[in-house]
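Undergrad: Below are the sequence and a predicted model for it; my questions follow.
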Amino acid sequence: MKKTASGGSAAFIKGCEKKTLGVKISGTGKYQGKGDKTGQENDFTDLSQDEIRKNIHKNASDLIRNRNGNIDKKVNQVYFNNKTTKFSDINSILENGDTVIIKEGNFIIDENVDKQIGIIVMKEGYNVLPETLNGGNIIVTKDVSNINAYIYADGAIMSKDINGNYYKDEDLSIPLVINGSVFSRNTIGGAVAGTGENKYILPGGKKTNDFKLAEKYDLNYLRKSILCGDEDFSLKINYNSGIQTNPPKGFTIQ
């Protein structure tokens with residue numbers, strides 16, 4: 001018997017079913033995939049992906065310059081580490097408006113992010129195929145339901161446990177809300193089947209026949225909730241325009 005996120009039995013609620021096209025975006029986004037096929041509208045930003053990546057890399061590099069003696073510390077509202085880091089280990093030292101910069105490692109969000117922060121995760125030479133697993137990614141564990149953050153990642157946002165293992169479908173039933181912005185190497189609808197050879201889309205526009213690989217990068221599969229109505233969602237991204245008026249350090253785009 002399948003359960004809803006609130007514990008109810010989906011079998012007794014007419015119209016409820018597990019869906020993987022559960023992403024709802026409120027605001028502005030720029031992504032690749034098959035949004036036209038899934039009913040998820042494209043709403044593009046003014047800057048190209050390369051321009052945004054170049055700006056944020058420059059900003060982050062300036063912020064962590066000469067920080068070799070201050071690794072795993074927060075200095076002037078910027079926490080920096082050069083290895084995989086868990087959010088729960090640094091949550092207590094973070095305040096609203098701080099920025100977390102992780103270089104050459106992953107950032108693991110293993111509890112709700114209730115403060116509004118910036119997150120920048122960088123990995124030189126990140127590849128989708130063959131996969132880069134040891135850096136550049138933002139890992140979200142299954143019990144996280146709310147993230148207040150402006151997010152940039154050279155890699156992807158993925159659902160995994162703290163050891164890097166993928167979850168079973170039934171473990172991903174809790175809906176996730178991201179309030180802020182997301183710029184990552186994910187698709188929306190990339191794992192929706194097309195026709196012919198190479199029917200799935202990977203980040204960067206590469207095509208593949210490997211559904212499981214495409215699924216890892218498609219935000220539709222970040223959560224797999226039981227949806228009963230039009231307002232239900234597996235993942236909701238609420239764009240916060242504060243990134244333009246009062247951005248955290250590292251997110252000023254010129």
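TA: Here it is on my side, so go on.
Undergrad: where's Ile237, which helix or strand?
TA: Assessed by DSSP states H and E, Ile237 sits inside strand 235-239.
Undergrad: which parts of that strand are buried?
TA: Going by neighbour count (16 or more other C-beta atoms under 10 Å), the buried part of strand 235-239 is Leu235, Lys236, Ile237, Tyr239. From N, CA and C alone the C-beta is placed, and that goes for glycine too.
Undergrad: I'd like the average pLDDT over that strand.
TA: Strand 235-239 comes out with an average pLDDT of 91.
Undergrad: Poorly predicted segments of the stretch 51-200 of the chain, please.
TA: For the stretch 51-200 of the chain, applying pLDDT under 70 flags the ranges 195.
Undergrad: So which residues of it form strands?
TA: With strands called from DSSP state E, counting those that start in this stretch, the stretch 51-200 of the chain shows them at 73-75, 78-81, 85-86, 99-103, 107-109, 113-122, 138-140, 146-153, 157-159, 176-183, 187-188, 200-201.
Undergrad: Pull up the pairing partners for the first one, direction included.
TA: Each strand that pairs with strand 73-75, with its direction, by DSSP bridges: strand 78-81 (antiparallel).
Undergrad: Just give me the closest of the buried residues of strand 235-239 to Ser173.
TA: Comparing these against Ser173 with C-beta to C-beta picks out Leu235 as the nearest, at 12.3 Å.
Undergrad: give the contact list for the residue nearest the centre of the chain.
TA: By C-alpha atoms, centre = their mean, the mean C-alpha position of the chain lies nearest to Ile157, the distance being 3.4 Å. By C-beta atoms under 8 Å, 6 or more residues apart in numbering, the contact set of Ile157 is Asn137, Ile138, Val140, Ile151, Val182, Ser184, Asn186, Leu219, Leu222.
Undergrad: Pull the contacting residues for the second one.
TA: Contact analysis of Ile138 by C-beta under 8 Å, 6+ apart lists Asn106, Phe107, Ile109, Ile119, Val121, Ile151, Ala153, Gly155, Ala156, Ile157, Met158, Ser184.
Undergrad: Make a ChimeraX selection of the buried ones in these.
TA: The ChimeraX selection below is limited to those of the contacts of Ile138 classed as buried (16+ other C-beta under 10 Å):
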select :106,107,109,119,121,151,153,155,156,157,158,184
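Undergrad: Val144 is in contact with Asp114, correct?
TA: No - if you go by C-beta atoms under 8 Å, Asp114 and Val144 don't touch, sitting 11.0 Å apart.
Undergrad: Hmm, Val23 is touching Ser225, no?
TA: No - counting by C-beta under 8 Å, Val23 sits too far from Ser225 to count as a contact (10.9 Å).
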